[in-house]
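Participant: got a predicted model here, sequence first, then my questions.
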Amino acid sequence: MPSNQNPLGALPARFRRERLLIVGCGDVGQRVARQLHTGPGAERMQLLALTSSPERTAALRAQGIRPLRGNLDDAATLRRLSGIATRVLHLAPPPGEGAGGQGWWRDPRTVALARALRLRSLPVSFVYASTTGVYGDCGGALVPETRAVAPGTPRAQRRVNAERAVRHLGRAGVRASVLRIPGIYAPDREGGTPEARLRRGTPVLVPEDDVFTNHIHADDLARACLAALWRARPQRIYNVSDQTSLKMGDYFDLAADLYGLPRPARVERSAAREQLSVMLLSFMSESRRLDNRRMLSELGLVLRYPTVTEGLRGR
């Protein structure tokens, strides 16, 4: 970016260091940090991460990340975040079931973060990691970002509320964007492959009852986050998904074949209701195929793992 378009460009050289704040610096956030540390211009980037856990500070520092104590559930602790970063990556989820009481459909965490950031100079860009669950069940249709949201679960309702808070922040002058993310996988991510489920023998649905699922490798997701921080258009939504087009049962069959394990049993939906958890059934009740062309064209992202076949082979 030319210096006359960069808000840091007119400053003395010693002050031109960008500051990226990662909120929710778990597995994906740490992948973002690693890619920044090893990429061009790493010396010009300072990484910050919000954490409510004193036990995590040493580990974050060891990764070259400056920890900032604060808690998304305590708005007063977030005031220190105002004006501290030039870019913000928000990866933290909304509160879990039952945490909101009467406001079960709200995400007070994203609202509190946005309010804190508005107290002083705004960041240049803000990227929020949402979920494709906001679309609800689409009957297996190809889903572009222009499709209206139709959340079918309380957790998806809270994501819709968070997205609204992000758009509101964008109207204040921040280049805000939303990434709608499907199932995240990676062989080096805890629980990041279907292997454990295959070994447990958890069944999948028969083909006529089965649903389309969508996936993104954790490393490609980290790269999409970085691309959005610098290239996303204002108030833009992006489906962050790979090119895989598989139903859930076929995905587990593929993984079983790659791992040399037995394919899972197939059951009808009525039998699945008796054998599987409510959470798992909720994922088996929504079918959609994500259109990722906007991500590829506007963010310029070239997937390292274009399908789950390449990604799972890295096991």
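Facilitator: Great, that's in hand. Please read all numbers here as calculations on a predicted model, not as lab measurements. Residues are numbered from 1 along each chain as shown.

Participant: mind listing what's buried in stretch 85-100?
Facilitator: If you call a residue buried by 16 or more other Cβ atoms under 10 Å, then stretch 85-100 has these buried ones: 85-95, 100. Just so you know, the C-beta spots here come from the backbone N, C-alpha and C atoms, and that holds for glycine as well.

Participant: for it, the distance to its chain's centre please.
Facilitator: For stretch 85-100, the distance between its averaged C-alpha position and the chain's averaged C-alpha position is 10 Å (Cα atoms, centre = their mean, to the nearest Å).

Participant: so for that stretch, mean pLDDT?
Facilitator: Throughout stretch 85-100, pLDDT has a mean value of 87.

Participant: could you tell me the model confidence score at Gly173?
Facilitator: Gly173 is assigned 94 on the pLDDT scale.

Participant: ok, the spatially closest residue to Gln35 that is not a sequence neighbour - contacts?
Facilitator: The shortest distance from Gln35 to any residue that is not its chain neighbour, by Cβ to Cβ, 6 or more residues apart in numbering, is 5.7 Å, and that residue is Ala222. By Cβ atoms under 8 Å, 6 or more residues apart in numbering, Ala222 lies in contact with 28, 31-32, 34-35.

Participant: assumed Ala222 was part of a helix.
Facilitator: Yes - under DSSP: H, G, I helix; E, B strand; the rest coil, Ala222 sits within a helix.

Participant: thinking His37 is in contact with Gln46, fair?
Facilitator: No - in terms of Cβ atoms under 8 Å, His37 does not count as a neighbour of Gln46; the distance is 11.2 Å.

Participant: between the two, point out the one with more neighbours.
Facilitator: A count of neighbours by other Cβ atoms under 10 Å puts Gln46 above the other of His37 and Gln46, at 17 against 14.

Participant: assign the more buried one to helix, strand or coil.
Facilitator: strand.

Participant: Trp104 versus that one, what's the distance?
Facilitator: Noted for Gln46: a distance of 37 Å to Trp104, by Cβ to Cβ, to the nearest Å.

Participant: mind showing which ranges of the stretch 51-200 of the chain have poor pLDDT?
Facilitator: 97-102 (pLDDT under 70).
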